[in-house]
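>>> requesting a structural model of the entry that follows:
(4 chains)
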Protein chains: 4
Amino acid sequence: MGKKIERIAVLTSGGDAPGMNACIRSVVRTGIYHGAQMFGVMQGYQGLINDEIIPLNSKSVSNIVQRGGTILKTARCLEFKTPEGRKKAYDNLVKHEIDGLVVIGGDGSFTGAEILSREYDIKVIGVPGTIDNDLFGTDFTIGFDTANNTVIEAIDKIRDTAASHDRLFFVEVMGRDAGYIALWSAIGGGAEAVLIPEKETSVDDLVDKLMVDLGNLKTSSIVVVAEGEHGGGAMAIAEKVKERFNYDTKVSILGHFQRGGSPTSFDRVLASRLGQAAVEALLKGHNRKMAGMISNHVALTSIDLAIKNKTEMDETLIELVNILAI
Amino acid sequence: MGKKIERIAVLTSGGDAPGMNACIRSVVRTGIYHGAQMFGVMQGYQGLINDEIIPLNSKSVSNIVQRGGTILKTARCLEFKTPEGRKKAYDNLVKHEIDGLVVIGGDGSFTGAEILSREYDIKVIGVPGTIDNDLFGTDFTIGFDTANNTVIEAIDKIRDTAASHDRLFFVEVMGRDAGYIALWSAIGGGAEAVLIPEKETSVDDLVDKLMVDLGNLKTSSIVVVAEGEHGGGAMAIAEKVKERFNYDTKVSILGHFQRGGSPTSFDRVLASRLGQAAVEALLKGHNRKMAGMISNHVALTSIDLAIKNKTEMDETLIELVNILAI
Amino acid sequence: MGKKIERIAVLTSGGDAPGMNACIRSVVRTGIYHGAQMFGVMQGYQGLINDEIIPLNSKSVSNIVQRGGTILKTARCLEFKTPEGRKKAYDNLVKHEIDGLVVIGGDGSFTGAEILSREYDIKVIGVPGTIDNDLFGTDFTIGFDTANNTVIEAIDKIRDTAASHDRLFFVEVMGRDAGYIALWSAIGGGAEAVLIPEKETSVDDLVDKLMVDLGNLKTSSIVVVAEGEHGGGAMAIAEKVKERFNYDTKVSILGHFQRGGSPTSFDRVLASRLGQAAVEALLKGHNRKMAGMISNHVALTSIDLAIKNKTEMDETLIELVNILAI
Amino acid sequence: MGKKIERIAVLTSGGDAPGMNACIRSVVRTGIYHGAQMFGVMQGYQGLINDEIIPLNSKSVSNIVQRGGTILKTARCLEFKTPEGRKKAYDNLVKHEIDGLVVIGGDGSFTGAEILSREYDIKVIGVPGTIDNDLFGTDFTIGFDTANNTVIEAIDKIRDTAASHDRLFFVEVMGRDAGYIALWSAIGGGAEAVLIPEKETSVDDLVDKLMVDLGNLKTSSIVVVAEGEHGGGAMAIAEKVKERFNYDTKVSILGHFQRGGSPTSFDRVLASRLGQAAVEALLKGHNRKMAGMISNHVALTSIDLAIKNKTEMDETLIELVNILAI
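Numbers count the residues shown, from 1 in each chain, chains lettered A, B, ... in the order given. All right, here's what the predicted structure looks like:
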């Protein structure tokens, strides 16, 4: 196991996700509770390279559990992908005598942590913080639940106006490679259909389905479209549908507010539990693990497994959208 | 005054606005309370022409005070702009022996009501139902407050992610001819600048302002853009700004969900009070009036005044955005 | 397996929980999708006894996924605990030729279903619908997530006023026998302490903890108290604390609004998936099972196990509250 | 007019109200915009006496427009009611060379400001910050709108569970002397009846009304009760009603979370506009005025008028509750 971890740093990396602050707070207080010295790294890996590393105490993280975004900020960092960049990062960690690092982010962020830890004498634990819910080794990632709620609140509102005007709406939600937000919000929002990156859907099939709805006197319809869907996004799909379909059609691209907002209960608790687990894993000598939640209990998974394995898209969810839309 | 009004119909017309249902409920129950027979017209003026007129009782409008949209639906209706269309509409009103009509909508809807009432023996009262808040004769229109809250909730979320990434965001809000939503949400959302249809802003001035912010170490900025602003909307403005400004810039077009959602307290109470006022105005013999709210009291204004007069954009609000952005 | 199930009824029983409507909708549409005839029973078991059984089609359950409460209503029913009551209930099921019953509720409701199914030739599947999250065989029950969010929104608001006045607040939340809502909302709400039925806490220890906070210059504190906690509830605890502690102390008993509200994304999706699973279990010949969610996948558990086994209170959650309150 | 005001302090006093932070931010930035030096007083008048006066710059008030509570904190202060207390307060103002004071609070706070300004050479402007909406000279006070929305959200949730169980609910809302929150939330929440301090209602009349509802097959009812109502509050009224009425009756006392929460759009804009107006009034030489909003425009009223005059309870609102409950 080597020597006891005594000085721990935490950073957030990649796209921000609601609940990251709750996780930072939990990491910091769990560390202090167990006697460690705690540090925060600003701007993700960029801050490691630039030596933006600041000591954090209990008060530093007070009153943030309910805040969206990340007080440590986040950034994409190309330099960290180079050996020179990682060397600078490690030198700064050594300078501050930091021996453990908690990385809150997605698979890109985990890859960086994995490499750093293999190259140098620094222990890393990852915490899955991304709204996309696309990481193996955890039932849910931090931010997914809040994003889903943001989306269904928007869909509930769109349904009001869709129903008042007898309109067909295409609602584009986040998800470049993963259709989880689209699928969950289609089920939760009562959508008539969903288009996701994991599955090709022909426009003809979609129009057929919408025409059946029209025959059944449904007077409004909502189709949820993940941005990474194969047809080119909501705008492109709507154009194609309009060619075959004489119906008042509108497009709504929800955009960046899906990333923000006060985290939900679920994300706050998930983030707090995983933050605790990450620090306690470091203190127990673990390295290159991701702290995830499986069946409502904390579980550690090797980071390389979390990155390499793909979570399978649950086909029953796609079927459920079809069932609920009858 | 002529004979007493005994049978009253209500319709919603133009774009839907949150609070229309609360207003319908109040119209119906106030009519019943005073002994009138109440009717609802589906699909706005189109339903008048197509004879989609249904009797409403107290239960018809139960449990809708909190719902967005309009249970009577709404539609744009070109046919009503023709004498033939209005003739059909009047014939249907006669058929149902309806002698009073409450029209919930914006200035286009009021114009139709005004003409119908001048051509035929039917009394009309308008209620201002539009998110745009652009009608003379009332401090606020039904739906404006809910739309503002929807917008600032989105801006609050966007600020989380903007601050986490040090980004500049252009947020486009509804308002083709009127900048009220943009102005109010800029103040309420803490935006750095606002662009509205009522006032031209040069891109150069905007960039200068944003550069001053940057000098002041503001690390994120939000600019609210009304869709009818002269520079061509948020996308066009963002493109122009990017040419002069090396900063991570994003655009978010909020779109149709601004029209939906459970109405706020303010809109529910406003809608309920104006619905009561409209029916009581009809019963007292008024015609071609709009029921508005001035200084928290109901006031009647001639519909032609409400249409012809423009509410002046309050210059102090524009100045206030600048003050608050220092 | 016996003959194929062809006519299925659904009822909600016990305390209402947000998401019950989403579950009813999914039960009905899944049944129709697979060719079954669907029925709803009003008022829980009372409606079975009184023959308040109505046919449901796809439209019967449209536009309810987002609504709190239950359109089928619910009631406690003493008569169903008697053999005579259950005889009447079964006779009514026979009269309508219903061969499968989906019961959405908590352990009391499941016990009734279990007995009925053992006494008579009727297949039953339970779906866990209760805000208390106290059922074995599922990670989460329908309504728990919405209740947690309702509670933390209230706590977030209370913290605003507590911090403005330097006050100590005792917030009483639902949970007669189970402390899950208290624990989760203490973590999510950033509370300084939590009192739950599963664990006795001495008032002296609590006061000691609060005094340490005061020494640390925390200027406001929130203690979450489950209603079934051993000290007699928030009022009683607050009285005892005040005797030893000179601090402005307030009590807030959140009460029944914890049961209502539009269900969250999590509860809508959970309810929809479990509703589908319950009907498909019936159609596959299962009997006396509960459809639950384990590690984000549907799982069937014998109802008698779900009732008899207790979910263990996770001690790490209690420790986490203490860690986060430092 | 005397010399130009150059150094301005702001304090919040009395009960906290959502929007106070938005007002502080506007006061500070408006002052800076016009070249003044700005100060904040902690803990209301207590901080004036204790010399808790701190300089504020633009960054001091960044990112607070959306926060509930008050960053300056608030407290009741008996000492300020004595000449000795006010002497100390004035001495501290002199020490910091402060010549203008903005007081955000209710009528008690204004009385203190009025007396201080008459006794000593200090100019004061009041801003109406109280959820009670009981001040003459403004259509709305800061915080009233947010409190109303908090209450109707709770009532919407209570209605879900009330309707699912066929129950009668008494919901107690804030308002010791003023029934505005009760009245507005009764209209907005669709309540069956309302009890307010300004009007005595006999329990017999209330029961008669509820029995008519029962005859009309309304299966759930909500009665809103202001805490200062003459019958002794919701608990006492519910007890009396139960004696005459065989119905499942519940009481919900909403409590302190009515004071908190992120301010609504309306309160943020109102607070921002009044904060600007208060500072500009000081700079123009005004003294002992309250900045209020009348018909959506800023208006100044003498503080003594604002305190002495009572806003009349609008009888049409009481009638409207009765109309809407049919």
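>>> drop to CA atoms for contacts and neighbour counts, all remaining ones
Will do.
>>> flag every residue of chain A that's near chain B.
Neighbours of chain B within chain A, by Cα under 8 Å from any Cα of the partner chain: A:16, A:68-75, A:154-161, A:163-165, A:252-262.
>>> restricted to helices, list those.
Among these, DSSP state H puts A:154, A:155, A:156, A:157, A:158, A:159, A:160, A:161, A:163, A:164, A:165 in helices.
>>> just these now: which is nearest chain C?
Nearest to chain C out of those is residue A:156 (Cα to the nearest Cα; 7.7 Å).
>>> contacts only, for the nearest residue to the closest one once chain neighbours are set aside.
Counting by Cα to Cα, 6 or more residues apart in numbering or on different chains, the nearest residue to residue A:156 once its immediate chain neighbours are dropped is residue A:189, at 6.5 Å. Applying Cα atoms under 8 Å, 6 or more residues apart in numbering or on different chains, we find residue A:189 in contact with A:152, A:155, A:156, C:65, C:66.
>>> hmm, try it at 10 Å
Counting by Cα atoms under 10 Å, 6 or more residues apart in numbering or on different chains, residue A:189 makes contact with A:148-149, A:151-159, A:182-183, A:222-224, C:63, C:65-66, C:265, C:268-269.
>>> can you tell me the residue of chain A closest to chain C?
In chain A, no residue comes nearer to chain C than residue A:295, which is 3.9 Å away by Cα to the nearest Cα.
>>> just the pLDDT at that residue, thanks.
In the prediction, the pLDDT value recorded for residue A:295 is 95.
>>> likewise for residue A:204?
Residue A:204 carries a pLDDT value of 88.
>>> show me what contacts it?
With Cα under 10 Å, 6+ apart, residue A:204 has these contacts: A:210, A:240, A:241, A:244.
>>> and if you look at residue A:323?
Contacts of residue A:323 by Cα under 10 Å, 6+ apart are A:187, A:192, A:317, C:26, C:28, C:29, C:30, C:31, C:32, C:33, C:34, C:276.
>>> please redo it, this time with the cut-off set to 8 Å
So residue A:323 contacts C:29, C:30, C:33 (Cα under 8 Å, 6+ apart).
>>> returning to what we had before: the residue of chain A closest to chain C contacts residue C:298, doesn't it?
No: using Cα atoms under 8 Å, residue A:295 makes no contact with residue C:298, being 11.5 Å away.
>>> filter the contacts of residue A:323 to the buried ones?
C:29, C:30, C:33 (16 or more other Cα atoms under 10 Å in any protein chain shown).
>>> could the residues you listed go into CSV alongside secondary structure, distance to residue B:287 and pLDDT?
As requested, those are arranged in CSV below (DSSP: H, G, I helix; E, B strand; the rest coil; distance: Cα to Cα, whole Å; pLDDT from 0 to 100):
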residue, secondary structure, distance to residue B:287, pLDDT
C:29, helix, 49, 98
C:30, helix, 53, 98
C:33, helix, 54, 97
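>>> okay, those in JSON lines with distance to chain D next?
Converted to JSON lines, the buried ones among the contacts of residue A:323 look like this (distance: Cα to the nearest Cα, whole Å):
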{"residue": "C:29", "distance to chain D": "22"}
{"residue": "C:30", "distance to chain D": "24"}
{"residue": "C:33", "distance to chain D": "27"}
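>>> which among these are in contact with chain A?
Applying Cα under 8 Å from any Cα to these, those adjacent to chain A are C:29, C:30, C:33.
>>> gap between the residue of chain A closest to chain C and chain D?
30 Å (Cα to the nearest Cα, to the nearest Å).
>>> for that residue, which non-adjacent residue is spatially closest?
Using Cα to Cα, 6+ apart and skipping the chain neighbours, the partner closest in space to residue A:295 is residue C:295 (3.9 Å).
>>> where's the one you found relative to residue A:66, distance?
Relative to residue A:66, residue C:295 is positioned 26 Å away (Cα to Cα, to the nearest Å).
>>> now stretch A:194-209, how far from the centre of its chain.
25 Å (Cα atoms, centre = their mean, to the nearest Å).
>>> format the contacts of residue A:204 as JSON lines; extra columns: neighbour count and pLDDT.
Shown next, in JSON lines, are those (neighbours: other Cα atoms under 10 Å in any protein chain shown; pLDDT from 0 to 100):
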{"residue": "A:210", "neighbour count": "22", "pLDDT": "86"}
{"residue": "A:240", "neighbour count": "15", "pLDDT": "89"}
{"residue": "A:241", "neighbour count": "18", "pLDDT": "89"}
{"residue": "A:244", "neighbour count": "12", "pLDDT": "82"}
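>>> mind checking which of these are in helices?
Using DSSP H, A:210, A:240, A:241, A:244 are the members of those that sit in helices.
>>> from those, which two are the most distant?
Comparing all pairs in the ones in helices among the contacts of residue A:204 by Cα to Cα, the longest separation belongs to A:210 and A:240, at 13.3 Å.
>>> show me the strands in chain A, by range?
A:7-12, A:37-41, A:53-55, A:100-105, A:123-128, A:168-173, A:193-195, A:221-226, A:249-253, A:289-294, A:297-302 (DSSP state E).
>>> and among the ones you listed, the most buried is which?
Across the strands of chain A, averaging neighbours per residue (mean count of other Cα atoms under 10 Å in any protein chain shown) puts strand A:123-128 on top, at a mean of 30.
>>> what parts of the stretch 101-250 of chain A come near chain C?
Contact residues (Cα under 8 Å from any Cα) of the stretch 101-250 of chain A with chain C: A:139, A:145, A:148, A:149, A:152, A:156, A:184, A:185, A:187, A:188, A:189, A:190.
>>> leaving aside the residues next to it on the chain, what's closest to the fourth one?
Once flanking residues are discounted, residue A:149 sits nearest to residue C:265: 5.2 Å by Cα to Cα, 6+ apart.
>>> just the first one next, same as before
Of all residues not flanking residue A:139 in the chain, residue A:294 sits nearest, at 5.4 Å (Cα to Cα, 6+ apart).
>>> tell me what the one you found is bridged to.
Assessed by DSSP bridges, residue A:294 has beta-bridge partners residue A:297.
>>> okay but it is in contact with residue A:138, surely?
Yes: using Cα under 8 Å as the test, residue A:294 is close enough to residue A:138 to be in contact (5.4 Å).
>>> can you give the distance of the helix or strand of chain A with the lowest mean pLDDT from its chain's centre?
Confidence across the helices and strands of chain A bottoms out at helix A:203-215, with a mean of 83, counting by mean pLDDT, DSSP states H and E. Relative to its chain's centre, helix A:203-215 lies at 32 Å (Cα atoms, centre = their mean).
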